[in-house]
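S.K.: return atomic coordinates for the entry below.
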Amino acid sequence: MRVFGYLRASTTEQDGTRAKASLEEFAKDKGLTNIAWFVENESGASLQRPELFRLLDVAQSGDVLLIEQVDRLSRLSSSDWDKLRAIMSEKGIKVVALDLPTSHIMTNQGDEFTTRMFTAINSMMLDMLAAVARKDYDDRRRRQGQGIEKAKQEGKFKGRQPDTDLRDKVLTLLGKGMTYTEIQKVTGAARSTISRIKNAG
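M.R.: The predicted structure follows:
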């Protein structure tokens, strides 16, 4: 059984590795070693997450996908969550989340009956927490939209100001022939941001 730690933050301004220490402490307590880490700054509401799918590509049946909270894995719509769940289920990957105690037993090699029982319970709880995470995402977007509309009515809304320094740096690196992955490492920008800057010229 191999362990893959997945760390995600929504924006480049957030620290994607923030929860790493907590996950390492949990893994140590469970006797799990040699964790392979996958870190990215992408929205949990999107399936466009290169590092997550790179993890899923190399993971095999019985491997553990270790996360801090279910919302680090998914703030997806119902249909997108079904797609992701199907991939993980088909590969036989065990999802273990610090905020989901029923998943912690998945780090042990128990008898077949116990494993099947907790797999079923864990599956149900994952679906529930994924639904809660999506609702939280939708609620925050709705409140943000209401706040923006109010600010517009009051003449106070200016919108997000472009990061010209990041734009110039990305364009320079693209001009040098660097790949998106290389630019991510240098700038910390998300792939979607790099693509948007490239397309905008």
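S.K.: list the helices and strands the lengthiest helix in the chain packs on?
M.R.: Under DSSP state H, the helix in the chain containing the largest number of residues is helix 112-153. When contacts are defined as 3 or more Cβ pairs under 8 Å, 6 or more residues apart in numbering; DSSP states H and E, helix 112-153 sits against helix 70-73, helix 78-91, strand 94-97. Quick note: C-beta positions are derived from backbone N, CA and C, even for glycine.
S.K.: angle of the second one against helix 112-153?
M.R.: Angle, helix 78-91 to helix 112-153, by axes from the mean of the first three to the mean of the last three Cα atoms, to 10 degrees: 150 degrees.
S.K.: got the contact list for helix 78-91?
M.R.: Under the criterion Cβ atoms under 8 Å, 6 or more residues apart in numbering, residues 46-47, 56, 59-61, 65, 73-74, 76, 95, 123, 126-127, 130-131, 134 lie in contact with helix 78-91.
S.K.: tell me the domain ranges of this structure?
M.R.: Here the chain is described, according to automatic domain parsing, as comprising the domains 3-135, 164-200.
S.K.: those into CSV, with extra columns for mean pLDDT, mean neighbour count and distance to residue 146?
M.R.: Compiled in CSV, these are given as follows (pLDDT from 0 to 100; neighbours: other Cβ atoms under 10 Å; distance: least, Cβ to Cβ, whole Å):
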stretch, mean pLDDT, mean neighbour count, distance to residue 146
domain 3-135, 91, 16, 16
domain 164-200, 86, 15, 25
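S.K.: can I get those domains in JSON lines including distance to residue 149?
M.R.: Rendered in JSON lines, the data for those read as follows (distance: least, Cβ to Cβ, whole Å):
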{"stretch": "domain 3-135", "distance to residue 149": "21"}
{"stretch": "domain 164-200", "distance to residue 149": "24"}
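S.K.: ok, now how distant is residue 58 from residue 85?
M.R.: Remark: distance between residue 58 and residue 85 (Cβ to Cβ, to the nearest Å) = 19 Å.
S.K.: next: residue 113.
M.R.: When Cβ to Cβ is the yardstick, residue 113 and residue 85 sit 23 Å from each other.
S.K.: repeat for residue 5
M.R.: In this structure, residue 5 lies at 20 Å from residue 85, with Cβ to Cβ as the measure.
S.K.: fine by me, we can end here.
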